[in-house]
Every structure is written in C-alpha cells, then in structure tokens.
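> coords please:
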Amino acid sequence: MSVRWTDDHCHLPSDLAEVAALVEDASDAGVERLVTVGTDVATSQAAIAAARAHPGTGFATAGLHPHDAKIGLEGLEALFVEPEVVAVGECGLDYHYDHSPRAVQRDAFAAQIAMAHTHRLALVIHTREAWNDTFAVLAAAGVPERTVFHCFSGGAAEAERCLELGAHLSFSGIVTFPSADDLRAAAAVCPLDRLLVETDAPFLAPVPHRGKRNRPALVAVVGAAVAEVKGLAPEAVAEASWANATDVYGL
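You can find the predicted model right below:
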C-alpha cells in the first residue's frame, strides 16, 4: 500500500483555483485528505466551499478563533448543518496576543464546546499560554468525545493532561524546530492511536522549508519528524494518523 497522509489542519485560500493547485501539489506528495479550518464565519464558509470543490479529499471546520472572539458567534452555528463540516473550531484561548479580552475568549470557547456537544461534532482547540484556563473551561463545559489539541505546543506534562481527557494531539512543523525539545518530548509520550499531523499552512513551515509559505504537501515532512522522535518508520505514523483522522473527524 502506498503511503497516504491526512493534513488535519490547514488554512487554504479562498480562491478556488489556488485551492485546486494546492490539492494537486498535496496529492503528488501522498497527502490525500485536507481539513480546511475556519476561524470566523467568513473563513468557515470559504473552508466549506474549498471542501465542496474537492469531495473525498477536502473537509472543513467552522469555528471562531480566540483572536476573533470579540466579534461574536452570530451566524456560526448555522454552518454546522453543512455536510462538509466535520468539527467545531478552531476555538480556545490565546493569552499570548490577547487580541480579544480573556473573559470573552473563555465565553466563546465554552459556547463552541456546547455546539460540539449539540451537533455531535469533533472539537478543535487552539491554546497558547493558557493551559490552566483551557482545562478549566473544558472541565466546566464537558470534554467532547472527539477532541483535538491542534498545533500542540506543550511539553510532556501538558500532553499527559490532554491524553487523560481522552483528547488527540496534532503535531505541526514546530516539531522540526531546533528549539522544540519540549514538544518532541510530548510527541515521544503520545501513543500512536492518539496522534495526528498537520501543517497549519500557510504558517509554520517545517525545517528545511522555514521562511517559505507552508503548504499541505509538507505534512509528510512533519510526519517523518514525529516518526524519528518515536523511533518509527514514517509509514507507521502515516498509517496511524490516517486512521485517527478517520475516527476523530468521521471521514
């Protein structure tokens, strides 16, 4: 069987011609499925359009990023009926930039957790410098059965806390950065059946592509780096992350 990858978190452009080129580029690299992630109503609608243009390959999420929590959730929940939507998010807390007030971020996060429960969708979490409050909101709202910590950026201790909740960890190109020893320790302790890989394209291009625009085709580079940390062949990570994405997102 040929190696096949899922990029479980990317941000494709709104231009469908550009999307088509990126999908073809990804396919040439063995990346057969892409989950395009929404960060507000407009980008969620664009993600749905991108997924609809590539059935069987493209999938979408709909969510409100913590940066944009202050704009409110109006219009978001209506998108969850679209068949291309496989998850709520990305949503969560970002205390690094504080683009939205922290209390507003927490309220928007809790509301989207409730939406994941109501619509029986996976939840995609963004958390940065807000671990304790992230866990507190999840404890109060209830952890959805299928929960993903996207672009996981903690160490082994945070990984263990997430795993105890039953969540999956999605690793990005940060795992290739020379300074990311803590993250590699997290990848080492993450069981294969709870592991996902992503690009977060167009951000966070992995080494040796730093400084360039990231793209879904490079998820294989991320997967190979995770495999090296775990002492496995890249094919093992490809197979496991493919199966996990299938289960988590109902693909």
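
> What residues does the residue nearest to Ala26 when sequence neighbours are not counted make contact with?
Using Cβ to Cβ, 6 or more residues apart in numbering and skipping the chain neighbours, the partner closest in space to Ala26 is Pro216 (4.2 Å). Where C-beta positions appear, they are placed from N, C-alpha and C, glycine not excepted. Residues near Pro216 by Cβ atoms under 8 Å, 6 or more residues apart in numbering: Asp7, Cys10, Leu12, Leu22, Val23, Asp25, Ala26, Val31, Leu34, Thr199, Ala201.

> again, only this time at 7 Å
Asp7, Cys10, Leu22, Ala26, Val31, Leu34, Thr199, Ala201 (Cβ atoms under 7 Å, 6 or more residues apart in numbering).

> Touching, Leu165 and Gly142? I think so.
No - using Cβ atoms under 7 Å, Leu165 is not in contact with Gly142, being 10.4 Å away.

> how close does Val226 sit to Gly75?
36 Å (Cβ to Cβ, to the nearest Å).

> Which one's more surrounded, those two?
Taking neighbours as other Cβ atoms under 10 Å, Val226 and Gly75 compare with Val226 leading, 25 against 14.

> Output the longest helix belonging to the chain.
What stands out as the longest helix in the chain, according to DSSP state H, is helix 102-119.

> So which elements touch that one?
strand 85-94, strand 122-128, helix 131-141 (3 or more Cβ pairs under 7 Å, 6 or more residues apart in numbering; DSSP states H and E).

> Just the angle for that helix relative to helix 131-141, thanks.
40 degrees (axes from the mean of the first three to the mean of the last three Cα atoms, to 10 degrees).

> now helix 102-119, how far from the chain's geometric center?
Computed by Cα atoms, centre = their mean, to the nearest Å, the chain-centroid distance of helix 102-119 equals 17 Å.

> ok, and what's touching it?
63-64, 66, 69-70, 73, 77, 80, 88-89, 91-93, 95, 122-123, 133, 137-138, 140-142, 144.

> Return the members of those classed as buried.
Listed as buried from the contacts of helix 102-119 are 63-64, 66, 69, 73, 77, 80, 88-89, 91-93, 95, 122-123, 133, 137-138, 141, 144; burial here means 16 or more other Cβ atoms under 10 Å.
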